[in-house]
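Trainee: build me a structure from this.
(one chain, ligands or ions: 3)
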Amino acid sequence: MKLDLLKQLRSENPIVFNIANFVTAQDVANGLNAIGALPIMSAEIQEASDMVKISSAVCLNLGTLTALQIEQMKVVGQLANEQKKPIVFDPVAVGASSYRQSVAEALLTGFQVAVIRGNAGEIAALVGSAWQAKGIDAGTGTGDLVSIAQACAVKYHCIVVLSGPTDLITDGQRMGQVNNGTQLFQLHVGSGDLLSSLVAAFTAVAPDDYFEAAQTACLVLAATGQLVAKQMTADRPGTFGIDLQDKLHLITVKEINKIASVR
Ligand SMILES: Nc1ncnc2c1ncn2[C@@H]1O[C@H](COP(=O)(O)OP(=O)(O)OP(=O)(O)O)[C@@H](O)[C@H]1O
Ligand SMILES: Cc1ncsc1CCO
Ligand SMILES: [Mg+2]
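Mentor: Ligands and ions are numbered 1, 2, ... in the order given. As a prediction, this is how the structure comes out:
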């Protein structure tokens, strides 16, 4: 685990270009800013080239896809590959519609992503594994999550982060785990969107090791949420979101190391 990447991120302030969903764009921008990265959101295909050029990483979020946005993602994905900028792909609710499923597959074969970050339902859908996802939520299933994550990493030749109570990080062979977190993440819409963009921020400062980047991002977010939850006397999803943003700015490597539960 390379928590020094957090210090590096805070000194380099990488620009992360997000094609975000309209539900959580502001939370994602604020979360990135709080940790020390510089967010930029753009929905215009004509500036795709300039956006990729100024950015150190790209995060593509399928949450509120439109035909126009899919075209933008295709162009941005190819430009990012050409310019060797890492791409993180968030297949929000990919199992919820066959349209979303075919779009995700087309995008993932049209360019190479560095990391796919999704919950159990989403990663299972990408590999056609039986699972009862519930819209944007992970839902339930009986499949083995380690095997599902590994199959997805092999299928798309990338790192896969399968998030949940335990985050699994894999390249198909190596397997990492982050056990930190809090159930409050599930009460706050967009925790996963933020994680995907934080993974992008960490890939920007670890171009040689996206596995480490992804695992470190998982640990930083999960540990931050855990510390925030510990201070709360009742489950308050709104307060959690605000306090999480503050704590992302304040948290130290020392604090994270104290509670880190990783493998
Ligand atoms: N029950 C839980 N206990 C601990 N941490 C959790 C739990 N559920 C989710 N998390 C954490 O929440 C964060 C987001 O992961 P999650 O799998 O909920 O994403 P998601 O389903 O895509 O969320 P969203 O749709 O709200 O964006 C991760 O850091 C993960 O570790
Ligand atoms: C609620 C919701 N619907 C589409 S995207 C989104 C935010 C979580 O990704
Ligand atoms: Mg999600």
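
Trainee: chain neighbours aside, what residue packs nearest to whatever residue of the stretch 1-150 of the chain ends up closest to ligand 1?
Mentor: The stretch 1-150 of the chain approaches ligand 1 most closely through residue 119 (3.6 Å), counting by CB to the nearest ligand atom. Where you see a C-beta, it was placed from the backbone N, CA and C, and this is true even at glycine. Nearest residue to residue 119, sequence neighbours excluded (CB to CB, 6 or more residues apart in numbering): residue 138, at 3.8 Å.

Trainee: now the host helix or strand of the one you found: buried residues?
Mentor: Element membership for residue 138 (DSSP states H and E) is strand 137-140. For strand 137-140, a neighbour-count test (16 or more other CB atoms under 10 Å) marks 138, 139 as buried.

Trainee: near ligand 3, which residues of this protein?
Mentor: With CB under 5 Å from the ion as the criterion, the chain meets ligand 3 at residues 92, 192.

Trainee: for the chain, which segments are assigned as strands?
Mentor: For the chain, the strands defined by DSSP state E occupy 15-19, 38-41, 57-61, 87-90, 115-119, 132-134, 137-140, 159-163, 167-170, 175-178.

Trainee: any chance of the ones you listed in TSV, plus mean pLDDT and distance to residue 80?
Mentor: Shown next, in TSV, are the strands of the chain (pLDDT from 0 to 100; distance: least, CB to CB, whole Å):
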stretch	mean pLDDT	distance to residue 80
strand 15-19	99	8
strand 38-41	98	14
strand 57-61	99	5
strand 87-90	99	5
strand 115-119	99	12
strand 132-134	94	28
strand 137-140	94	28
strand 159-163	98	15
strand 167-170	98	21
strand 175-178	98	24
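
Trainee: pipe those into JSON lines and attach distance to residue 100 per row.
Mentor: Output for the strands of the chain, formatted as JSON lines (distance: least, CB to CB, whole Å):
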{"stretch": "strand 15-19", "distance to residue 100": "15"}
{"stretch": "strand 38-41", "distance to residue 100": "21"}
{"stretch": "strand 57-61", "distance to residue 100": "12"}
{"stretch": "strand 87-90", "distance to residue 100": "12"}
{"stretch": "strand 115-119", "distance to residue 100": "12"}
{"stretch": "strand 132-134", "distance to residue 100": "11"}
{"stretch": "strand 137-140", "distance to residue 100": "15"}
{"stretch": "strand 159-163", "distance to residue 100": "18"}
{"stretch": "strand 167-170", "distance to residue 100": "22"}
{"stretch": "strand 175-178", "distance to residue 100": "27"}
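
Trainee: and these as a markdown table, adding distance to ligand 2?
Mentor: Formatted as a markdown table, the strands of the chain follow (distance: least, CB to the nearest ligand atom, whole Å):
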| stretch | distance to ligand 2 |
| --- | --- |
| strand 15-19 | 12 |
| strand 38-41 | 14 |
| strand 57-61 | 7 |
| strand 87-90 | 8 |
| strand 115-119 | 10 |
| strand 132-134 | 12 |
| strand 137-140 | 9 |
| strand 159-163 | 12 |
| strand 167-170 | 17 |
| strand 175-178 | 20 |
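
Trainee: can you say which of these is nearest to residue 29?
Mentor: Evaluated over the strands of the chain, closeness to residue 29 peaks at strand 38-41, with 4.2 Å, by CB to CB.
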